[in-house]
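In: Need a 3D model of the sequence below.
(chains A and B)
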Amino acid sequence: MKGVKLHVRVLALALLLIGAASTAWQIFVLNIPISSDITEPVWVIDTKLSFNARDNGPVKVQMYVPPAWSKFITLNESFISKSYGVNTDIIGDNRQAVWSARRAEGSQQLFYRLMLTQRSNSRFSESEPGPQFSESPELIGVEKVAVDALLKPIREHSADIETFIREAIKLINEPSNDNARLLLGNVYTQDNKSRVLELLLSSAHIPVERVHTLRLVSSVAQSSELWMRSYNGKRWLYFNPETGTQGLPSDRLVWWTGNEPMATVEGGRNLKIEVTANQKTMNSIMLAQSIAERKENKFWALSLYDLPLQSQQTFEIILMIPIGVMLILLLRNVVGLETLGTFTPVLIGLAFRETEVFWGIILFTVITALGLSLRSYLEHLHLQLLSRLSVVLTFVVIIMALISVLGHRLGLDRGLSIALFPMVILTMSIERMSIVWEERGGLHAGKVGIGTLIAATLSHLMMTYEPWAYFVFTFPGMLLVFMSLMLALGHYRGYRLTELFRFNAMIKGK
Amino acid sequence: MSLFSTWKELRKKGVMGINQRNADYVLRYNQRHLYPLVDDKIKTKERALQAGIHVPPMYGVIDSDKQISSLADIIQGHRDFVIKPAQGAGGDGILVIADRFEGYYRTTSGRLLSDEDIEFHLSGILSGIYSLGGHRDRALIEYRVTPDPIFSAISYEGVPDIRIIVLKGYPLLAMLRLPTRQSGGKANLHQGAIGVGVDLATGITLDGTWLNKFINSHPDTTNPVRGVQLPFWDSFMSLATQCYELTGLGYLGVDMVLDKDRGPLMLELNARPGLNIQIANDAGLAARCRSVENEIDRLAAKGIKKPSPAKRQAFCQRVFAQPLVVATVSDESANKAVG
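Out: Numbers count the residues shown, from 1 in each chain, chains lettered A, B, ... in the order given. Sure, this is the predicted structure:
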């Protein structure tokens, strides 16, 4: 006996842990939302390329698109173009889209739409590509002197790559520094400053790379923002070439790296690029679903969502049954409510889904009362049990039909929609109820009937409570948690609530 | 008084709840395959007759609709008899015929029934109205017990019966169930009968319970129920004690009656007896179960696996004697539980 108790405890604990762990994994690792109401921002970035094609010649347009190692998760990507073929290639760290057409004429427009979520991509740190080493340039004459003159104070003021780069950026941006001015040739453009920075750092054997980023803000038109990055042996360090601040802000999307322009066109001219970003909100669970679809390796985290829609709806109801059953277990074993059978209240609660709970209670009460009164009348006719029950059941069906017709005439269709399922449940309940009446008398039957109605209503409310339905459906590990609670209740030996009143006399007698 | 302190008080008193009864006693001591023996009154009766336990004599069994017509043969020579469903529970479906009159049957309440009424009742029993699972049943026609006149002062119609709860052959609590006007002459507590506790040692009645309340006099006769000496008490005790060997069921309610002519008779057995007996005796079943389990362990330690029924009966009559010893018993068992 003791061994069994331990066994049950271990089993219940194991189920509880497995269920809780799987739910926690889904919530904390996979970021699956705990409520269906949570929404998250999603970015829609539209890129429009327009140019004029040269007379009827072949056209090839190359454009960099954000790489797969971006810290944002791509939800959807589409290339829209009339009569162009589209390919994407991976070139080094970058990804490039190539549109091509045999012949084109007049003004042309190509579109690229990207949908991103700001949720961090867990693969980011692992698959961001490593560094590319570049040769130190051979410098001569004045330039060599200027570079050496600049590097000296930088070396003195820095401790590592990080501070070295920051110091270099600071000096280049200093207008009073003659050496810097010389290297820049008095051209203080972003592009030129980056060129000088690259020159300076590669002379010091620290390769840097240009990173073209897009700022995620809702605005009409945007252009890419230039950042620099360097590999410190472990990870990439990002720098703002203007201010020297380190670290890419969370709202910057890396679009491409390198010195090339964003897009080039062969066989066309007047290339114009317009980029607009727009923020939208998306339901978190739908977001999680589309992410799961893209990451095929973790598909079973939301496997119920993979089912066909109709099966999903069915399962959403079926998965709620254990909640109702657990409630009945509590009501019977802990509270001590008397109900008609064990699972009939859950079935009635399910039937209430179709009739609505208010009408359900009224229908249940009226039809059961009518059915039972017919039963007591039939008792005088000395019919055999089976034929008496059959007559009662047929009578119930007729009453339901009448109520439906009457309700329809009165325009109460919605409330009185009686499907096959509630009909079967109701007739079954009446049969059981009349058996209880035969065996234990009317008073007991009434008591049991009311208990059943209370339990059915409660279980209905529990089973149709949306947040729970969502939670159980999304985190099926909860079913294991329920199972462990049910197992634990199987060894509950305490008093039922009603017993405290039942045996109360034994205390007051003292 | 708060519910929590009620809970604690009841625990202290060793009152058994349904969950505890089901899990710790019924499920643990009663093997399911033995149930048919107690659920079917005909089987119980046959087994009891073999073991030499006194039961009301059986006149006949009707197990098919065709046999209903043979009722006349079965009851030939008996003016009074009882019709029972073999698998009925809680006393439902029992028809007691006290007399016959001009081809009619008179029930104990004076109602006259025709042959047709009786046949209808029999077909109801056969189709399983009163059986637990609703399946087909058999009807049992047997001797009608005449209650001993000792009960006339504290009973209203019907036949009072005596229930003793037995754990592993140790009688724990006893109760005299007295029919009232409300219970319609039936001795079932849920139908409104009174339960009166009985001292195991002496067979003298204690206070009673009626609808979960304490009472000390019968609501119909207004006579006090306390202090009545039940005759043949030791026979009742030994009858109940022996039912463990009879069935093999460890936790059992044994229902018995006292017939005017035949003395103590065993009526039926119940594998999951009710808990109101605790109110009637003002004593907790769990506390008494603990004492018995401790005794079983003590004997097992001494190498005694199967103490004789007489030894078991003597133990219970010594330890569970009411009302003087009751306090020390619960203290003793509590101490044992702690130790």
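In: C-alpha only now, for contacts and for neighbours.
Out: OK.
In: Burial check on residue B:129, number of neighbours?
Out: Neighbour count of residue B:129, defined by other CA atoms under 10 Å in any protein chain shown: 26.
In: Got phi/psi on it?
Out: The phi and psi values for residue B:129, taken as degrees, to the nearest 10, are phi -60, psi -40.
In: ok, now which ones touch residue B:234?
Out: By CA atoms under 8 Å, 6 or more residues apart in numbering or on different chains, residue B:234 lies in contact with residue B:203.
In: what sits against residue B:54?
Out: By CA under 8 Å, 6+ apart, the contact list for residue B:54 reads B:48, B:264, B:265, B:266.
In: should've said residue A:15
Out: Here residue A:15 is in contact with A:480, A:481, A:483, A:484 (CA under 8 Å, 6+ apart).
In: what's the first-to-last distance across stretch A:86-99?
Out: End-to-end distance of stretch A:86-99 (CA to CA, to the nearest Å): 5 Å.
In: can you tell me the average pLDDT over that stretch?
Out: For stretch A:86-99, the mean pLDDT works out to 84.
In: Pick out the residue of chain A closest to chain B.
Out: Minimum separation of chain A from chain B (CA to the nearest CA) falls at residue A:493, amounting to 4.3 Å.
In: quick one: the strands in the stretch 201-339 of chain B?
Out: B:205-210, B:213-215, B:251-259, B:263-270 (DSSP state E, counting those that start in this stretch).
In: For residue A:269, find the nearest of those strands.
Out: Taking CA to CA, strand B:251-259 is the member of the strands of the stretch 201-339 of chain B nearest to residue A:269, at 98.5 Å.
In: how near is residue B:56 to chain A?
Out: Counting by CA to the nearest CA, to the nearest Å, the gap from residue B:56 to chain A is 24 Å.
In: Grab the nearest non-local neighbour of that residue.
Out: residue B:143 (5.5 Å; CA to CA, 6 or more residues apart in numbering or on different chains).
In: Give me the contact list for stretch A:493-504.
Out: A:333-337, B:3, B:6-7, B:10, B:16-20, B:23-24, B:212, B:279.
In: ok, now with 10 Å
Out: Defining contact as CA atoms under 10 Å, 6 or more residues apart in numbering or on different chains, one finds that stretch A:493-504 is touched by A:330-338, B:1, B:3-7, B:9-11, B:15-24, B:211-213, B:275-276, B:278-279, B:282.
In: helices and strands of chain A: which one has the lowest mean pLDDT?
Out: Ranking every helix and strand in chain A by mean pLDDT, DSSP states H and E puts helix A:124-127 at the bottom, with a mean of 48.
In: Just give me the longest helix of chain B.
Out: The residue-count maximum for a helix in chain B (DSSP state H) belongs to helix B:285-301.
In: I'd like the average pLDDT over it.
Out: Per-region confidence: helix B:285-301 scores 92 on mean pLDDT.
In: go on, stretch A:284-293?
Out: On average, stretch A:284-293 scores 72.
In: Could you list the buried residues of it?
Out: A:284, A:285, A:287, A:288, A:289, A:291, A:292 (16 or more other CA atoms under 10 Å in any protein chain shown).
In: Which ones among those residues lie within helices?
Out: A:284, A:285, A:287, A:288, A:289, A:291, A:292.
In: Columns distance to chain B on top of those residues, output as CSV?
Out: What follows is these, written out as CSV (distance: CA to the nearest CA, whole Å):
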residue, distance to chain B
A:284, 44
A:285, 42
A:287, 47
A:288, 45
A:289, 45
A:291, 49
A:292, 46
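In: Buried members of the contacts of stretch A:493-504 into PyMOL, please.
Out: What follows is the PyMOL syntax for the buried subset of the contacts of stretch A:493-504, where burial is set by 16+ other CA under 10 Å:
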select buried, (chain A and resi 330+331+332+333+334+335+336+337+338) or (chain B and resi 6+7+9+10+11+15+16+17+18+19+20+21+22+212+213+275+276+278+279+282)
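In: Among the contacts of stretch A:493-504, which ones are in strands?
Out: Assignment to strands by DSSP state E places the following of the contacts of stretch A:493-504 there: residue B:213.
In: Tell me which stretches of the stretch 251-400 of chain A form strands.
Out: With strands called from DSSP E, counting those that start in this stretch, the stretch 251-400 of chain A shows them at A:252-257, A:263-266, A:268-283.
In: if we can go back for a sec, with the contacts of residue B:54 in mind, which one is nearest to chain A?
Out: residue B:266 (23.5 Å).
In: Distance-wise, check the nearest residue to that closest one once chain neighbours are set aside relative to chain A.
Out: Once flanking residues are discounted, residue B:266 sits nearest to residue B:256: 4.3 Å by CA to CA, 6+ apart. Here residue B:256 is placed at a distance of 22 Å from chain A (CA to the nearest CA).
In: pretty sure residue B:256 contacts residue B:243?
Out: No - counting by CA atoms under 10 Å, residue B:243 is not a contact partner of residue B:256; they are 11.4 Å apart.
In: Now list whatever residues contact both of the two.
Out: B:266, B:269.
In: Low-confidence stretches in the stretch 1-150 of chain A?
Out: Counting by pLDDT under 70, the ranges of the stretch 1-150 of chain A that qualify are A:1-2, A:119-138.
In: quick one, helices of it?
Out: A:2-24, A:124-127, A:141-157 (DSSP state H, counting those that start in this stretch).
In: Reformat those as TSV; add distance to residue A:204.
Out: Shown next, in TSV, are those (distance: least, CA to CA, whole Å):
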stretch	distance to residue A:204
helix A:2-24	49
helix A:124-127	27
helix A:141-157	8
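In: Those helices: which one's closest to residue A:46?
Out: Nearest of the helices of the stretch 1-150 of chain A (CA to CA): helix A:124-127, 23.2 Å.
In: Residue 246: neighbour count?
Out: Going with chain A. 18.
In: sorry, should have said chain B
Out: Residue B:246, neighbours per other CA under 10 Å, totals 17.
In: got it, and the one 10 residues further on?
Out: Residue neighbour count, defined by other CA under 10 Å, stands at 24 for residue B:256.
In: now the helices: where do they sit in chain B?
Out: Secondary structure of chain B, counting by DSSP H: helices at B:3-13, B:18-20, B:27-29, B:35-39, B:41-51, B:71-74, B:115-126, B:233-247, B:277-281, B:285-301, B:309-319, B:326-338.
In: Give me the buried stretch members for the fourth one, please.
Out: Just to be clear, that refers to helix B:35-39. Buried residues in helix B:35-39, counted by 16+ other CA under 10 Å: B:35, B:37, B:38, B:39.
In: Touching, the second one and residue B:45? I think so.
Out: Right, the one you point to is residue B:37. Yes - with contact defined as CA under 10 Å, residue B:37 reaches residue B:45; the gap is 9.3 Å.
In: which residues do those two both contact?
Out: Joint contacts of residue B:37 and residue B:45 (CA under 10 Å, 6+ apart) are residue B:269.
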